[in-house]
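Quick one, what's the 3D model for this:
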Amino acid sequence: MGLYRTLFLPRLIDFAMKNKATAECRARIVPRAEGRVLEVGIGSGLNLPFYGKRVTEVYGIDPSPPLLRMAARRIDGLAFAVHLLRESAENISVPSASIDTVVATWTLCSIPDAHRALGEMRRVLRPDGRLIFVEHGLSPERKVQIWQRRLNPLWRRVAGGCNIDRRIDQLLIAAGFKIVELQNSYFPGPRVLTYTFEGFAN
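Residues are numbered from 1 along each chain as shown. Now for the predicted structure:
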């Protein structure tokens, strides 16, 4: 699994997240970030072109060196500074109450301790800051849920720790966030993989 995780998986993730539906979603939600931004799970940097003029700098964290190298290639020409940090979302080095916007897109599914990571996100946010999130997770349909829970152990192994059966809204509330806007939908593709939580919290 070592070669798979370091060589093939990062490229698969980058390729899989370039589809039309995710690009349209990024174009809709990422430009609403402003000020100093912390992007949790920046991956290969696919959100970077979508940040708007109100962003002054971006701190992008990810534990994967290959994905961070891909992100570094997308920095040239941006109008704001980007600081790429190899670290875990459960232990963020950014100072408390120093971030205006936290962005998490398709990342909470793969963080081992999502509750702890969300606690870190709350810690770094300013009192008037907000979290922008797009995540896939547990469907409300019972038949889909059954298959999500059956497939999750295998999916987690082949997809770099990604879980398809997390209730993202419940995770946010349990971590102390107040959801101020939430939209749910299925993206194109198998329903076990594509039920999406999109919105804002503070």
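
Run through the protein and note the low-pLDDT ranges.
For the chain, the stretches with pLDDT under 70 are 1-7.

who does the lengthiest strand in it pair up with?
Longest among the strand segments of the chain by residue count, using DSSP state E, is strand 125-136. If you go by DSSP bridges, strand 125-136 pairs up with strand 99-105 (parallel), strand 195-201 (antiparallel).

got the contact list for the last one?
The set of residues that contact strand 195-201 without belonging to it, under Cβ atoms under 8 Å, 6 or more residues apart in numbering, is 25, 29, 32, 130-140, 144, 168-169, 172, 177-187. Where C-beta positions appear, they are placed from N, C-alpha and C, glycine not excepted.

Narrow the residues you listed to just the buried residues.
Among the contacts of strand 195-201, those classed as buried by 16 or more other Cβ atoms under 10 Å are 25, 29, 130-139, 144, 168-169, 172, 177, 179, 186-187.

for the chain, what spans make up the helices?
Assigned by DSSP state H, the helices in the chain fall at 2-3, 9-16, 20-29, 65-72, 114-124, 142-158, 168-174, 191-194.

As CSV, the strands paired with strand 125-136 with distance to Asn19 would be great.
Shown next, in CSV, are the strands paired with strand 125-136 (distance: least, Cβ to Cβ, whole Å):
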stretch, distance to Asn19
strand 99-105, 13
strand 195-201, 13
